[in-house]
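Undergrad: here is a sequence with its predicted model. Questions after.
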Number of protein chains: 2
Amino acid sequence: MKNQAESNSSATRILSQTAEVDAASVQPFPASQKIFVAGSQADIRVPMREISLDDTPTDFGGEVNAPVRVYDTSGPYTDPAVDIDVRRGLPDVRSAWIEARADTELLGANSSGFTRQRLDDAKLAHLRFDHARAPRRARAGANVTQMHYARKGIITPEMEFIAIRENMSLQQARELGVLDQQHPGDAFGAAIPEEITPEFVRQEVARGRAIIPANINHPELEPMIIGRNFLVKINGNIGNSALGSSIEEEVEKLTWGTRWGADTVMDLSTGKNIHETREWIIRNAHVPIGTVPIYQALEKVGGVAEDLTWDIFRDTLIEQAEQGVDYFTIHAGVLLRYVPLTAKRVTGIVSRGGSIMAKWCLAHHRESFLYTHFEDICDIMKAYDVSFSLGDGLRPGAIADANDEAQFGELETLGELTKIAWKHDVQTMIEGPGHVPMHLIKENMDKQLRECGEAPFYTLGPLTTDIAPGYDHITSGIGAAMIGWYGCAMLCYVTPKEHLGLPNKEDVKEGIITYKIAAHAADLAKGHPGAQLRDNALSKARFEFRWEDQFNLGLDPDTARAYHDETLPKESAKVA
Amino acid sequence: MKNQAESNSSATRILSQTAEVDAASVQPFPASQKIFVAGSQADIRVPMREISLDDTPTDFGGEVNAPVRVYDTSGPYTDPAVDIDVRRGLPDVRSAWIEARADTELLGANSSGFTRQRLDDAKLAHLRFDHARAPRRARAGANVTQMHYARKGIITPEMEFIAIRENMSLQQARELGVLDQQHPGDAFGAAIPEEITPEFVRQEVARGRAIIPANINHPELEPMIIGRNFLVKINGNIGNSALGSSIEEEVEKLTWGTRWGADTVMDLSTGKNIHETREWIIRNAHVPIGTVPIYQALEKVGGVAEDLTWDIFRDTLIEQAEQGVDYFTIHAGVLLRYVPLTAKRVTGIVSRGGSIMAKWCLAHHRESFLYTHFEDICDIMKAYDVSFSLGDGLRPGAIADANDEAQFGELETLGELTKIAWKHDVQTMIEGPGHVPMHLIKENMDKQLRECGEAPFYTLGPLTTDIAPGYDHITSGIGAAMIGWYGCAMLCYVTPKEHLGLPNKEDVKEGIITYKIAAHAADLAKGHPGAQLRDNALSKARFEFRWEDQFNLGLDPDTARAYHDETLPKESAKVA
């Protein structure tokens, strides 16, 4: 395991010999054990965390309290049976499933010119991950997306894995006979079923109402689903920048963020060695990884947006698809006619991808290659099963700019693009704002559902006021909880450093926990069956003064215990 | 000013000779000045904080940016013209107004036996505040509540002060010609006017839709209003406990909490020397102070709820009223028939006041003296203008218990009591939950408005999930923002230590800022005229890279600046 001195050592050391996992990310959770629920075949093993509880004290009734299983995003890092070695990467979960489908082939060499160039560059040896996988691609003419299988009526192992995972709380509540100990929800027309079955997963994916981001080049992935009729998910962002942070630090943020609950992680790197950084991230990622390929493409043209070309972008997509990126943010909805609509805004265009594309469109006086080549992009996506995350390049960056013509015009275009992607059976979700006052949030959700045929919505916050820099995890956590309730499928976290600087590890955790709260509050309000089980167990523990159980059932046992011990340090106070 | 060594020194030092104001609470805010807007008479001077802004950089247009005035709860502590001395207490704001009404008299001695006993106790000399005011009471037969004046058609100086204060942003927006640069809100039937006039304040108070907590024995108070058609307010709790914290620390929490935005402060002390602690607090408080008198009454009977009597409680009310407490939480709605309804709950009765009264009722097999003597209590309230905060003793302590029969039964009783209080022209607000999932929050608000004739609602959170101990400022900030939007008039803050321990100064600040966010997000969503001015100014500063303005316009300039400097420490990065 890494110690601080090592991590601060010179950049010239050879990463493939020295990189270490972050020690804090591999600690077991208190009173918890990793369990696996088996599917219909031996290699479907769905991880869960089971929290053991004390018996109720005699004067409260003395009953036994059943352990509580919680959704586990921490991956093999908290599995004592797995020997973690970030230099080798994670165990393979999905290769056998992918191979069994017999519609892909291993390539002899990488298809991306840029990738080959990086591999040939001796100066990069010290940064390189040593156990890159041979790239895999759909056989000629094949479509390897989960949506394609779903539409053909095939239930994949990924779908079955997800059904078991999503059904966990409902299953527990049923076994314990407490399914009725929950408020009926109000899900605004969502179609949450009595039980999450593999067939239901298939139907939702077929219909485009949910996506399973799962690139065939990312077999380390533990499948998860993003859709309105499933548990609300959260994304955590990582990524280096021109200002620094090392590859090892990015892997550390990945393991740390997923430990606390990130369901997917976006690598937003814009600094040096983006290619190598990503390789390390994906090989050590048990969650889907998303990227914004235009960021890297821009680095390739020296940061000059006008110099971007379809060829460079196309090669970047293939480069990243063959590394195993699971979803791409693509700002294909930034059309020429929308750009002038942002001129009167308070904050213009704040999306980095959006402003890159707007600059390109204005410089060339034509629609972007993301838009004109959209079907070509679909062809790439379906050859690797990369999902679209259609970017909202014109999202509002201020309360004043919420729900304006530019934003909603782009959203309508994203709806059109969704239909084109679906024509190719390419899985698609839609990104959303941003900064929106509370009373205008629902309009966003409703319009997105309508325009995009219920494709999953994936929003950043939204921030419900602009006046609290330093606390935008909270201004946005409010909006995130609400839009999650209204039907948003995934919430992109915001850290306390938003607008101010780059998040450190503590900021990442603070953002993740805030968003877990928002997502779970949304699950409760929607009435997701079994969602209230954990609340009930924790509240019962609280009422019975079972302090340890209260800590351990919480999202962050460490902080709860530390806060308690700060003012009531004695064990006697904990059992009083 | 105090240093840490002093504050930790022996308890035997003489407070009236040694107490010092918290140094951090009297620092000026950056780029800010305290200004006063004059009313119709010379002694109506409404404090505001005016934040100066830089000009827009030339390449963004080079225009001058008008300073922004923000609602200022920090009181004389941030006024460089005031010589703060916590041993003497704050300057007198209201005595001349009270005297001019000629309906009160100064008493020769305190009416409370307990007060006289404390004053006679030589052992308490070292704790005593040296400049207690002579108690004032309504003349025989007089009613001195703001509601009484309002109903007689009288606009008091307090009402005019409040009108100027509440109209501040609207006035600015109008002067700048930017009143239309705000989204129309959705206020769910609230009656927010085009302009907040003194006459509007009077009407709202007369109708019971707003209260002005302003005890005639608290002349240091800067008047403020709590009501659905005014800015949403927040309360911060302080108070010692059996576990410690000194009088000086409580005064420090008061000045610190109001610095960051607390509109009122509740002193929830339950430890030793509650009487003396409160005297120090009130004499140094420019905001309304609320208490839960049953806490002190319980201390007087050695903590045995069954031993409480009307006489002890009555004397406690008078004791506190003559010190200047502005509102009393009174759990008069805990009726015998509601108590069994809590038996099947996950967390039973979690309100401390509620459980004290439930215990009393069950032990005596009769309705509590709070209920049976309610009109007697009204007589005390109107003799000092203490406002009711009718306590929700049966509020849910868990998601599972939200909106149940016990809670709503009590709320109906609080509605009946409101009408009785109004018969006496006693100002009244209603306390609300607690723990409520998002989709059940609006039902609380709607029912409260209906049952209580639109009397102001004052809620704790509500917490929208139970699974995040250590982060309940966030679980509850979500619910607080929503219920504020729906019509709640004041939000009682929750700190990160909720359920776990006693908040320290940092926790107090974190809770206050979170609740300022919730309250402001609610003001935006309701469309309170001018509320968006600060958001717009901050976002414009952000867009123009005016970093200092962005920090200074935020709720917490210190944290924003520190976060920024942590990753981008150089001045060059701030002006890039």
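TA: It's in.

Undergrad: what residues are up against the residue of the stretch 51-200 of chain A at minimum distance from chain B?
TA: Nearest residue of the stretch 51-200 of chain A to chain B (Cβ to the nearest Cβ) works out as A:D186 at 4.1 Å. The way it works is simple: take the backbone N, C-alpha and C, and place the C-beta from them, glycine included. Shown in contact with A:D186 (Cβ atoms under 8 Å, 6 or more residues apart in numbering or on different chains): A:A525, A:K526, A:G527, B:H439.

Undergrad: tell me the most packed of the residues you listed, by neighbour count.
TA: In terms of neighbours by other Cβ atoms under 10 Å in any protein chain shown, these top out with A:A525 at 28 neighbours.

Undergrad: which elements pack onto whichever strand or helix holds that one?
TA: For A:A525, the host element (DSSP states H and E) is helix A:505-526. When contacts are defined as 3 or more Cβ pairs under 8 Å, 6 or more residues apart in numbering or on different chains; DSSP states H and E, helix A:505-526 packs onto strand A:233-238, helix A:247-260, helix A:472-486, strand A:490-492, helix B:472-486.

Undergrad: ok, back up a step: can you give me phi and psi for the residue of the stretch 51-200 of chain A closest to chain B?
TA: Here is the backbone geometry of A:D186 (degrees, to the nearest 10): phi -130, psi 100.

Undergrad: try A:I84
TA: phi -80, psi 130.

Undergrad: same question for the one 4 residues further on.
TA: The phi/psi pair for A:R88 (degrees, to the nearest 10) reads phi -100, psi -20.

Undergrad: which residues touch A:L370?
TA: Counted by Cβ under 8 Å, 6+ apart, A:L370 has contacts A:I294, A:F313, A:I330, A:H331, A:A332, A:V334, A:M357, A:I377.

Undergrad: my bad, should have said A:M168
TA: By Cβ under 8 Å, 6+ apart, the neighbours of A:M168 are A:V37, A:V46, A:M48, A:R69, A:Y71, A:G530.

Undergrad: for B:V508, see how far away the residue nearest the centre of chain A is.
TA: In chain A, the residue lying closest to the centroid (Cα atoms, centre = their mean) is A:T264, at 2.0 Å. Going from A:T264 to B:V508 by Cβ to Cβ, to the nearest Å gives 36 Å.

Undergrad: could you do A:D376 as well?
TA: Distance from A:D376 to B:V508, by Cβ to Cβ: 57 Å.

Undergrad: between those two, which is the more surrounded one?
TA: Applying other Cβ under 10 Å to A:D376 and B:V508 shows that B:V508 carries more neighbours, namely 25 against 14.

Undergrad: and the more buried one, what pLDDT?
TA: Looking at B:V508, its pLDDT reads 96.

Undergrad: ditto for A:L268
TA: A:L268 is given a pLDDT of 94.

Undergrad: do A:E6 as well
TA: 41.

Undergrad: same question for the one 5 residues further on.
TA: Note on A:A11: pLDDT of 49.

Undergrad: pLDDT weak spots in chain A?
TA: A:1-12, A:242-245, A:568-576 (pLDDT under 70).

Undergrad: run the last query once more with 80
TA: By pLDDT under 80, the low-scoring segments of chain A are A:1-12, A:241-245, A:567-576.

Undergrad: is it true that A:S368 touches A:I330?
TA: No - if you go by Cβ atoms under 8 Å, A:S368 and A:I330 don't touch, sitting 9.9 Å apart.

Undergrad: contact residues of the stretch 251-400 of chain A facing chain B?
TA: A:V346, A:T347, A:G348, A:G397, A:A398, A:I399, A:A400 (Cβ under 8 Å from any Cβ of the partner chain).

Undergrad: skipping its backbone neighbours, what lies nearest A:A24 in space?
TA: A:W256 (6.8 Å; Cβ to Cβ, 6 or more residues apart in numbering or on different chains).

Undergrad: and that neighbour, how far from A:V265?
TA: If you go by Cβ to Cβ, the gap between A:W256 and A:V265 works out to 10 Å.

Undergrad: neighbour count for those two, which is higher?
TA: A:V265 (27 against 23).

Undergrad: what residues are up against that one?
TA: A:235-238, A:254, A:257-258, A:281, A:285, A:287-290.

Undergrad: check which helix or strand it maps to.
TA: Going by DSSP H and E, A:V265 is part of strand A:264-267.

Undergrad: show me what the helix or strand that that strand is followed by is in contact with.
TA: Using DSSP H and E, the helix or strand that follows strand A:264-267 in sequence is helix A:274-283. For helix A:274-283, the surrounding residues in contact (Cβ under 8 Å, 6+ apart) are A:15, A:19, A:86, A:89-90, A:114-115, A:118, A:124, A:127-129, A:131-133, A:218, A:220, A:238-240, A:247-248, A:250-251, A:254, A:265, A:267, A:269, A:289, A:291, A:295-296, A:299, A:319-320, A:323-325.

Undergrad: just the buried residues of these.
TA: Buried by 16 or more other Cβ atoms under 10 Å in any protein chain shown: A:15, A:19, A:86, A:89-90, A:114-115, A:118, A:127-129, A:132-133, A:218, A:220, A:238-240, A:247-248, A:250-251, A:254, A:265, A:267, A:269, A:289, A:291, A:295-296, A:299, A:319-320, A:323-325, out of the contacts of helix A:274-283.
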